[in-house]
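>>> Pasted the sequence and its predicted model underneath.
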Amino acid sequence: MSSKLSLHPDRLFSSAPTERAIARRLYSEIKDLPIISPHGHTDPGWFADNTNFANPAEMFIKPDHYVFRMLYSLGVPLQALGIARRDVSVAELDSSAVDPKEIWRLFAKHYYALRATPSAYWLNHVFSEVFGIDIKLDERSADFYYETIDRQLQSEAFKPRALFERFNIEALATTESPLDPLCQHQAIHNSGWGGRVITTFRPDPVMDPEYEGFTENLCQLSELTGLDCHDYDNYIGALKQRRCFFKQMGATATDHGHPSAFTANLDPGAAQNLFKKAVQRQCTAQEAELFRGHMLVEMAAMSLEDGLVMQIHPGSFRNHNRDLFQLFGRDKGADIPTRTEYVSALKPLLDLYGNEPGFTAIVFTLDESSYSRELAPLAGHYPALKIGPPWWFHDSVEGMKRFRRAITETAGFYNLVGFNDDTRAFLSIPARHDMARRMDCAFLAELVGQHRLDEDEAAEIAVDLTYHLVKQAYRL
């Protein structure tokens, strides 16, 4: 018999009675506030089509790299989890041939590996709060889980729009390439549904000379815009055109997932020559980095013009597992954090736009060593610069603690941008936001308990971190 699953009402709060009581009071003020999700990777087609999710494996496992990267690390092949290879013409490797119930059983068999990880916290929250399950997931309960979840997923109450409303989501941003025609966002807009689902402009496929298919992507950009994007001036014009279209479709932000935070301010002639080399596939690695850095500055200039908030998500060695990338493609859990420098890297951009009142750049990091040394002092000075919340590997209990302790004394709370969940796993959104709210209350309760804050100040900060700062930063 599987053991009981229960969520303790004081989870993530201090075991010290005074701080725990303060955290409870703070949490009671924010727990029911609407969710603002300004950056994520959910599928807009879910909300455009509003059809039921296929099954538990499609809902919980296939889109969630946190889950399948852990199982892969234990020797579970991605094919066994229904992850399609690039070449799915080979019948025995076609993901559609894998029984979703068998995928779920394999997941349940290895669920123990997620203990004490954020994934287990989020998933247990979903199982308990969303599906009403009160026993733990393991091999013995696998079929019960599958059947219980599958039955509910087929109901009207579990269609994407109904869940969006149930979760009290006020706004949710997805992320799309400039090559995306945004038909699904148009369908959402035309449907008359009141849920706010907006896009985010992610130009990496046409800004990074090392991105696979870069030159082919430029051809697609040319077709979309009617401009020959093999010419630098036309290329810049095409990017402006696509940004304008994304803004018309509701976008309030751009996003840039570069290997580093490097920026460069090249003169027009140098930029044109570098672009020509990129188009001809003659860039060295150093020249590709220089072009990316220059284009970040170009994007900042465009943000000053069109008002889109700029997000920079640097510091990931993408697709580190070469064999996995060749077989399965991007985003298969093999992205690894790297050391990232910001003070010198961002200076060209900040020299131009760091003092501009109409420009906002939100900088994230996977390198926690930069928190107190670089990011907090930068954001604590430049009006245009804000620090994004703990991201990816650090979107966790301990990651949030380290972030608050390293950042707060130099940058304060008001050079931050609240929380964003950055997820492909739709059902985990309330769980992720609940974790962030609890961790904020736990940290604030500690400051109140040490008489570093008054409780009324902490209550105001808790509301701002949960709701107001994110709306302000992302212009929502």
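Looks like it arrived, so ask away.
>>> Quick check: phi and psi on the nearest residue to Ile387 once chain neighbours are set aside?
Sequence neighbours aside, Ala379 is the residue nearest to Ile387 in space, at 4.7 Å (criterion: C-beta to C-beta, 6 or more residues apart in numbering). Where you see a C-beta, it was placed from the backbone N, CA and C, and this is true even at glycine. The phi/psi pair for Ala379 (degrees, to the nearest 10) reads phi -70, psi -30.
>>> contacting residues for Tyr382?
In this structure, Tyr382 makes contact with 350, 354-355, judged by C-beta atoms under 8 Å, 6 or more residues apart in numbering.
>>> now swap in Ile407 and tell me
Here Ile407 is in contact with 371-372, 375-376, 387, 416 (C-beta under 8 Å, 6+ apart).
>>> try 7 Å
371, 376, 387 (C-beta atoms under 7 Å, 6 or more residues apart in numbering).
>>> before we move on, what about Asn217?
Per C-beta under 7 Å, 6+ apart, neighbours of Asn217: 179, 205-206.
>>> Also Tyr145?
Contacts of Tyr145 (C-beta under 7 Å, 6+ apart): 108, 133, 137.
>>> hmm, try it at 8 Å
The contact partners of Tyr145, by C-beta under 8 Å, 6+ apart, come to 56, 104, 108, 127, 133, 137.
>>> Quick check: the last one touching Tyr111?
Meaning Leu137. Yes - taking contacts as C-beta atoms under 8 Å, Leu137 lies within contact range of Tyr111: 4.9 Å.
>>> which residues of the stretch 301-450 of the chain fall in strands?
Ranges of strands in the stretch 301-450 of the chain, per DSSP state E, counting those that start in this stretch, are 309-312, 316-317, 336-337, 361-363, 385-387.
>>> Any idea how many residues pack against Arg69?
17 (other C-beta atoms under 10 Å).
>>> picking that back up, mind listing which of the contacts of Tyr382 are in helices?
If you go by DSSP state H, these have Leu350 in helices.
>>> List buried residues within the contacts of Tyr382.
For the contacts of Tyr382, a neighbour count by 16 or more other C-beta atoms under 10 Å gives the buried set as 350, 354.
>>> Ok, which of the strands of the stretch 301-450 of the chain comes nearest Ser37?
Ser37 lies closest to strand 309-312 among the strands of the stretch 301-450 of the chain, at 13.6 Å (C-beta to C-beta).
>>> before we move on, the earlier item: which of the contacts of Ile407 sits closest to Glu156?
Ile387 (41.2 Å).
>>> pLDDT wise, what is that closest one at?
pLDDT for Ile387: 98.
>>> Starting from Leu304, give me the distance back to Asn355.
11 Å (C-beta to C-beta, to the nearest Å).
>>> residue ranges with poor pLDDT in the chain?
1, 88-96 (pLDDT under 70).
>>> Can you give me every residue that contacts the residue nearest the centre of it?
The chain has Asp422 as the residue nearest its centroid, 1.9 Å off, counting by C-alpha atoms, centre = their mean. Going by C-beta under 8 Å, 6+ apart, Asp422 touches 39-41, 391-392, 395.
>>> how does it look with 10 Å?
37-41, 175, 255, 313, 364, 388-392, 395, 432 (C-beta atoms under 10 Å, 6 or more residues apart in numbering).
>>> Among those residues, the buried ones, what's the PyMOL command?
In PyMOL, this line selects whichever of the contacts of Asp422 come out buried by 16+ other C-beta under 10 Å:
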select buried, resi 37+38+39+40+41+175+255+313+364+388+389+390+391+392+395+432
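>>> with the contacts of Asp422 in mind, which one is nearest to Arg405?
The shortest approach to Arg405 among the contacts of Asp422 belongs to Pro390, at 11.7 Å (C-beta to C-beta).
>>> got the phi/psi numbers for the closest one?
Dihedral pair for Pro390: phi -50, psi 130, per degrees, to the nearest 10.
>>> Return the subset of the contacts of Asp422 lying in helices.
The members of these that map onto helices under DSSP H are Arg432.
>>> what's the closest of the contacts of Asp422 to Lys401?
For the contacts of Asp422, the nearest to Lys401 is Pro390 (9.3 Å; C-beta to C-beta).
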